[in-house]
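Participant: Here is my input, please return the structure:
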Amino acid sequence: MAYVLIEHRVGDFETFKKVYLDDAGRRQRLGSRGGRVFRLADDPGNVIVMLEWDSVEHAREFAGSLELEQAMEWSTSNVSTPRVTVLDMALESPR
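Facilitator: Sure, this is the predicted structure:
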């Protein structure tokens, strides 16, 4: 299992939310299995997105895509430079 972790500051969460939700179909076509959006409890302008992918290759393709770059520009109002990391699942702990 592969993941893409995106960390960035957003100027307006509602704008970010719209762009994120509008991009769901494209992510799914590229192999995304869905994701979760987190906001720092003490600083809700800092957003962390964790997207699950069917393969590391598809995760890397998404992470390096022009579409992702444009979506992050639109959703963050260029407030900060996002950090995008591709992760490969190594171990899962039991509940």
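Participant: what are the ranges of the strands in the protein?
Facilitator: Ranges of strands in the chain, per DSSP state E, are 2-9, 32-40, 43-53, 83-88.
Participant: Most tightly packed of these?
Facilitator: Per-stretch averages of neighbours, counted by mean count of other Cβ atoms under 10 Å, single out strand 2-9 among the strands of the chain, with a mean of 18. For the C-beta atoms, the positions are set from N, CA and C on the backbone; glycine is no exception.
Participant: Partner strands of it and their direction?
Facilitator: Here strand 2-9 has these sheet partners by DSSP bridges: strand 43-53 (antiparallel), strand 83-88 (antiparallel).
Participant: Mean confidence (pLDDT) on the first one, please.
Facilitator: What that stands for is strand 43-53. The pLDDT scores in strand 43-53 average 94.
Participant: Tell me how far that strand lies from the chain's centre.
Facilitator: Remark: strand 43-53 is offset 6 Å from the chain centroid, using Cα atoms, centre = their mean, to the nearest Å.
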